[in-house]
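1. sequence unknown, structure follows:
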């Protein structure tokens with residue numbers, strides 16, 4: 001044991017967990033510890049808003065596999081972070097949210113910036129550590145870092161501000177990491193038997209493949225079976241798009257090829273996927289989930305097994321280890337799928353070619369409202385969202401990282417984003433909060449400065465996070481932000497089109513000059529109004545990012561077309577009984 005202050009114990013425990021970067025806004029509540037961050041080798045990245053800090057920590061973690069760490073002043077600084085912690089929860093990010101709180105002698109008196117901070121995060125954390133005595137600082141700090149990794153989700157470290165001070169004898173705990181293993185012998189054997197009998201196996205490659213660095217193991221299983229591989233929803237980086245067995249993402253605005261192949265499956269191997277409800281809903285008019293198929297679900301969290309979809313076999317294990325164990329069990333066995341290999345591959349290739357052709361030819365949305373918007377746009381000549389997304393896809397640099405916000409155009413982007421390596425795609429996942437993409441890509445860029453970093457956001461969501469442009473400029477974290485400027489809240493406006501007679505309450509956004517705002521914050525800006533300008537704009541911005549260290553905002557004006565709503569079953573036609581509302585149907 002060594003004599004130290006609780007601040008020293010706190011910082012030394014973070015050092016033991018390989019923490020070198022923390023995102024936040026400085027505050028008096030933790031200033032005694034912050035004072036020794038630098039000599040400990042820890043960099044505090046000051047941000048504009050605490051929500052942005054925690055999104056950055058999320059992106060940092062998702063790009064590296066390491067912890068993401070954020071911190072803020074007690075009270076409002078902490079409450080500002082709740083939304084971002086929730087987003088990290090649904091991304092399964094091992095994030096540690098450090099929440100200094102009111103001193104113990106002032107609690108309950110209604111003092112300055114006092115709040116009960118544990119209930120704020122209760123629903124969105126895997127573990128909450130409250131330092132109940134200064135002597136236990138290292139213990140609770142270590143446990144929060146350990147639990148974030150073992151539970152694959154955010155934890156909260158709550159520290160009364162007076163507990164940073166004093167004198168304690170302490171041993172800094174060593175980090176504990178789980179060796180998850182492949183799963184149970186019986187369930188693996190049962191799964192191997194089902195796979196051996198499968199005539200049309202399909203693999204879903206999920207987020208667990210990314211988090212477990214299991215791409216190669218997934219490829220080995222797919223190649224043994226010659227099985228189509230589909231990405232789970234918003235995990236487009238879970239299988240390389242150049243691989244001949246890749247078929248694209250499931251879920252909202254995903255690949256029709258992947259969905260049509262899923263519909264034919266007699267055995268589905270869900271590798272590292274919780275099979276979330278939003279990622280398996282009907283799409284493109286297809287209810288593609290194969291209800292008669294045998295489902296093998298592999299997840300490191302046993303609570304996810306069979307939670308959303310009925311399954312035949314559940315394997316609680318690491319995605320990569322389980323895939324390897326299954327390949328080993330299939331070694332030397334006669335597989336039913338071997339007999340029709342050529343036929344299945346031909347079917348897969350035909351579906352992929354048909355979908356690519358459809359995407360290329362899909363220039364405008366076909367509904368009446370979008371067609372009206374095409375007509376309205378003739379005086380401007382702006383490109384359609386799909387044209388822009390295809391042009392951006394074609395101009396993407398190698399080794400790119402992309403984050404997407406929530407919204408109509410961002411959702412349509414699911415069809416156009418393809419990646420070659422994991423830890424490349426950072427979407428808002430099931431929490432779906434606006435303002436997610438830009439700060440998250442800043443964190444990813446800080447973690448991987450050698451990789452090109454691009455965020456996508458609509459003009460509504462962009463306004464929620466654009467102030468973090470100042471963080472990029474102030475701290476030399478160059479990224480490229482693409483802003484789709486279509487002058488409305490597209491996702492919700494689509495519901496007003498479909499259900500509320502085009503009564504656009506609060507849907508319209510007036511024109512702001514986002515390029516001028518970006519320049520005022522010290523960034524570069526490019527305004528795009530023509531399709532032929534899209535690719536060159538992205539290439540120029542990436543060149544400035546990688547070679548000149550500059551952040552660039554690309555403001556792209558598009559038509560006001562709207563893709564399908566998030567869920568066609570989410571609303572119903574309105575009914576009005578009062579005379580004053582009779583016309584509002």
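-> That came through fine. Quick caveat: nothing in here was measured; it's all calculated off a predicted structure.
2. and stretch 355-374, what's buried?
-> 355, 359, 362, 364, 365, 367, 369, 370, 373, 374 (16 or more other C-beta atoms under 10 Å). Placement of C-beta: from N, CA and C, glycine included.
3. which of these sits closest to residue 339?
-> Here the nearest of the buried residues of stretch 355-374 to residue 339, counting by C-beta to C-beta, is residue 355; it sits at 26.5 Å.
4. re earlier: the buried residues of stretch 355-374 in helices, which ones?
-> Per DSSP state H, helices hold the following members of the buried residues of stretch 355-374: 355, 359, 369, 370, 373, 374.
5. okay, those in JSON lines with distance to residue 442 and pLDDT next?
-> Supplementary listing: those in JSON lines, determined by distance: C-beta to C-beta, whole Å; pLDDT from 0 to 100:
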{"residue": "355", "distance to residue 442": "33", "pLDDT": "98"}
{"residue": "359", "distance to residue 442": "30", "pLDDT": "96"}
{"residue": "369", "distance to residue 442": "35", "pLDDT": "96"}
{"residue": "370", "distance to residue 442": "33", "pLDDT": "96"}
{"residue": "373", "distance to residue 442": "33", "pLDDT": "96"}
{"residue": "374", "distance to residue 442": "35", "pLDDT": "97"}
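6. closest to residue 546 among those?
-> residue 359 (28.4 Å).
7. count of neighbours near the residue nearest to that closest one when sequence neighbours are not counted?
-> The shortest distance from residue 359 to any non-neighbouring residue, by C-beta to C-beta, 6 or more residues apart in numbering, is to residue 415 (6.1 Å). The tally of other residues near residue 415 (other C-beta atoms under 10 Å) stands at 25.
8. look up how far residue 290 lies from residue 415.
-> Remark: distance between residue 415 and residue 290 (C-beta to C-beta, to the nearest Å) = 21 Å.
9. what's the answer for residue 301, then?
-> 24 Å.
10. buried ones in whichever strand or helix holds residue 78?
-> In the assignment (DSSP states H and E), residue 78 maps to helix 76-79. Of all the residues in helix 76-79, those buried under the rule 16+ other C-beta under 10 Å are 77, 78, 79.
11. got it, and stretch 335-349?
-> 335, 337, 344, 347, 348.
12. now swap in stretch 455-475 and tell me
-> Buried, per 16+ other C-beta under 10 Å, within stretch 455-475: 455-473.
13. which of the residues you listed fall within strands?
-> 455, 456, 457, 458 (DSSP state E).
14. export these to a markdown table and tack on pLDDT and distance to residue 440?
-> A markdown table is the format used below for those (pLDDT from 0 to 100; distance: C-beta to C-beta, whole Å):
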| residue | pLDDT | distance to residue 440 |
| --- | --- | --- |
| 455 | 98 | 7 |
| 456 | 98 | 11 |
| 457 | 98 | 11 |
| 458 | 96 | 15 |
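15. out of those, flag the one nearest to residue 238.
-> The closest of those, once distances to residue 238 are taken by C-beta to C-beta, is residue 456, at 18.8 Å.
16. and the nearest residue in space to the closest one that is not next to it in sequence, how far from residue 385?
-> Among residues not flanking residue 456 along the chain, residue 404 sits closest, at 4.6 Å (C-beta to C-beta, 6+ apart). Distance, residue 404 to residue 385, by C-beta to C-beta: 13 Å.
17. burial measure for residue 107, as a count.
-> 14.
18. what of the one 10 residues further on?
-> Counted with other C-beta under 10 Å, the neighbours of residue 117 add up to 22.
19. ok, it touching residue 74?
-> Yes: between residue 117 and residue 74 there is a contact under C-beta atoms under 8 Å: 7.2 Å.
20. who touches both of these two?
-> Contact criterion C-beta atoms under 8 Å, 6 or more residues apart in numbering; residues bridging residue 117 and residue 74 by contacting each: 99, 101.
21. show the end-to-end separation of stretch 488-504, please.
-> Stretch 488-504 has its terminal residues 10 Å apart, counting by C-alpha to C-alpha, to the nearest Å.
22. what comes up buried for it?
-> 488, 489, 490, 491, 492, 493, 494, 495, 496, 497, 498, 500.
23. want to throw the residues you listed into JSON lines with pLDDT and secondary structure?
-> Formatted as JSON lines, those follow (pLDDT from 0 to 100; DSSP: H, G, I helix; E, B strand; the rest coil):
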{"residue": "488", "pLDDT": "94", "secondary structure": "strand"}
{"residue": "489", "pLDDT": "93", "secondary structure": "coil"}
{"residue": "490", "pLDDT": "93", "secondary structure": "helix"}
{"residue": "491", "pLDDT": "91", "secondary structure": "helix"}
{"residue": "492", "pLDDT": "92", "secondary structure": "helix"}
{"residue": "493", "pLDDT": "93", "secondary structure": "helix"}
{"residue": "494", "pLDDT": "93", "secondary structure": "helix"}
{"residue": "495", "pLDDT": "92", "secondary structure": "helix"}
{"residue": "496", "pLDDT": "93", "secondary structure": "helix"}
{"residue": "497", "pLDDT": "94", "secondary structure": "helix"}
{"residue": "498", "pLDDT": "92", "secondary structure": "helix"}
{"residue": "500", "pLDDT": "93", "secondary structure": "coil"}
